[in-house]
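**Q** any chance you can model this:
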Amino acid sequence: MSTFTQQIAIRGRGARSNASGRFEAQAREAFDDGWTVEDPEPVQIRTTLSPERAKTIISKNTSPDVGFSRSINPYRGCEHGCIYCYARPAHAYMGLSPGLDFESQLFFKPEAAKLLEKELSAPRYRPEFIHIGGNTDPYQPQERTARVTRQVLEVLARFNHPFSVITKSALILRDLDILAETAAKNLCRVAVSVTTLDRALARSMEPRAATPEKRIGAIKALADAGVPVIVMFAPSIPGLNDHEMEAVLERSAAAGAKGAGYVALRLPREIKDLFQEWLATDHPDRAGKVMSLVRQMRGGLDYDPEWGKRMRGEGPIAEMMSQRFQAAKKRYGLTFRFDGLDLSQFQVPADKPGDQGDLFG
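**A** You can find the predicted model right below:
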């Protein structure tokens, strides 16, 4: 872990430092030179959004730990600033820091809808359900104006292509028209991430995400519109938010959620240092206990990436977490089996943009 913890508060950001990415030839690290001003004004970092010229939009994975093989990520980086975000290390591939850069220097894919239409229209394309937001949140604040996710949903709806979405933003309700229409055809389901009901903890841990109450409200609005909703208690952090597991599932079930999932805290690569810096500044009274429990779930390490273990951990702490989750799911009726989304309705529309249609019809 870095020996320096940044002392100047960063307003509305999760990370407490901005160390260089692991692929950089030169490393930058802040240090205390003794001139730190007492009680400084919080620093503000401006968010930038830059276009990323992608050649394809559908990503493929073969991970046995996730329930999808196809995904779309409209954005790289995420302004929500969740300190635990497993996507942070990917920012190093851009020559940027997984710390503050990840949540302030963002990229979007302006051609996402056109690329998707091209891929879905290919003669050899065979539909598999597509998960939207498997890496970073598709409804982060910049989506209000960029509208990349909205455009992707419009294409999927026109092709009758099945999809799922995961978010922790109430902005998803803007697209309730598409979600309700496709859900009625068994083409859509939504997962909403609710990690805590404690507004103060949420503000610290996920500084620019929707408040817990807004997320519960989003679950209700989606469910009332007929959209199948899963609540995700992810991550479950021992000694910090895991005691809220039952309460989160109870509130979500009352709001209309039909299923639930959880993931134990994961700390791959740079996240382990960023998370510990955050604990030291925001929750110093719990930092030692939290990391001790995390290591007990990871064979004494900060993280174990082994397939089959990375999402749940192992040992008595992990087993207890799993048993509590399964009991709560049953108690609150979150056991609905989501059958596979309907692949049979997929069809390339005759009136896709760029076509001239039937000139002699």
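
**Q** was I right about residue 201 contacting residue 237?
**A** No - with contact defined as CB atoms under 8 Å, residue 201 does not count as touching residue 237 (9.9 Å). Backbone N, C-alpha and C define where each C-beta goes, glycine included.

**Q** more neighbours, those two?
**A** Counted by other CB atoms under 10 Å, residue 201 and residue 237 do not tie: residue 237 has more neighbours, with 23 against 18.

**Q** can you tell me the closest non-neighbouring residue to that one?
**A** Leaving aside its chain neighbours, residue 237 sits nearest to residue 265 (4.6 Å; criterion: CB to CB, 6 or more residues apart in numbering).

**Q** relative to residue 303, how far out is that neighbour?
**A** Shown here: residue 265 relative to residue 303, a distance of 9 Å by CB to CB, to the nearest Å.

**Q** higher neighbour count, these two?
**A** Legend: neighbour count by other CB under 10 Å for residue 265 and residue 303, higher for residue 265 (24 against 20).

**Q** which residue ranges of the stretch 101-250 of the chain form strands?
**A** Assigned strands in the stretch 101-250 of the chain, in chain order: 105-108, 130-132, 163-167, 188-193, 229-236 (criterion: DSSP state E, counting those that start in this stretch).

**Q** CSV for the ones you listed, including mean neighbour count and distance to residue 336?
**A** Listed next are the strands of the stretch 101-250 of the chain as CSV, based on neighbours: other CB atoms under 10 Å; distance: least, CB to CB, whole Å:
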stretch, mean neighbour count, distance to residue 336
strand 105-108, 20, 34
strand 130-132, 24, 19
strand 163-167, 23, 15
strand 188-193, 24, 10
strand 229-236, 24, 9
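
**Q** who wins for proximity to residue 274 among the ones you listed?
**A** strand 229-236 (13.7 Å; CB to CB).

**Q** mind listing what's buried in stretch 284-296?
**A** By 16 or more other CB atoms under 10 Å, the buried positions in stretch 284-296 come out as 287, 290-291, 293-296.

**Q** again, but for stretch 116-125
**A** Buried residues in stretch 116-125, counted by 16+ other CB under 10 Å: 116-118, 120.

**Q** same question for stretch 343-351.
**A** residue 346.

**Q** please begin residue numbering at 534 from this point
**A** All set: I'll call the first residue 534, so the last point we hit is now stretch 876-884.

**Q** pull up the distance across it, start to finish.
**A** End-to-end distance of stretch 876-884 (CA to CA, to the nearest Å): 20 Å.

**Q** any idea what the nearest residue to residue 592 once chain neighbours are set aside is bridged to?
**A** Spatially, and ignoring its direct neighbours in sequence, residue 592 is nearest to residue 604 (5.0 Å; CB to CB, 6+ apart). Judged by DSSP bridges, the bridge partners of residue 604 are residue 592, residue 664.

**Q** hmm, which helix or strand of this structure has the shakiest average pLDDT?
**A** strand 592-593 (a mean of 90; mean pLDDT, DSSP states H and E).

**Q** so residue 724 touches residue 701, yeah?
**A** No - judged on CB under 8 Å, residue 724 makes no contact with residue 701 at a distance of 9.6 Å.

**Q** which residues of the chain fall in helices?
**A** Per DSSP state H, the chain carries helices over the ranges 633-637, 645-654, 676-679, 681-691, 709-716, 732-738, 745-757, 778-788, 804-815, 820-829, 849-864.
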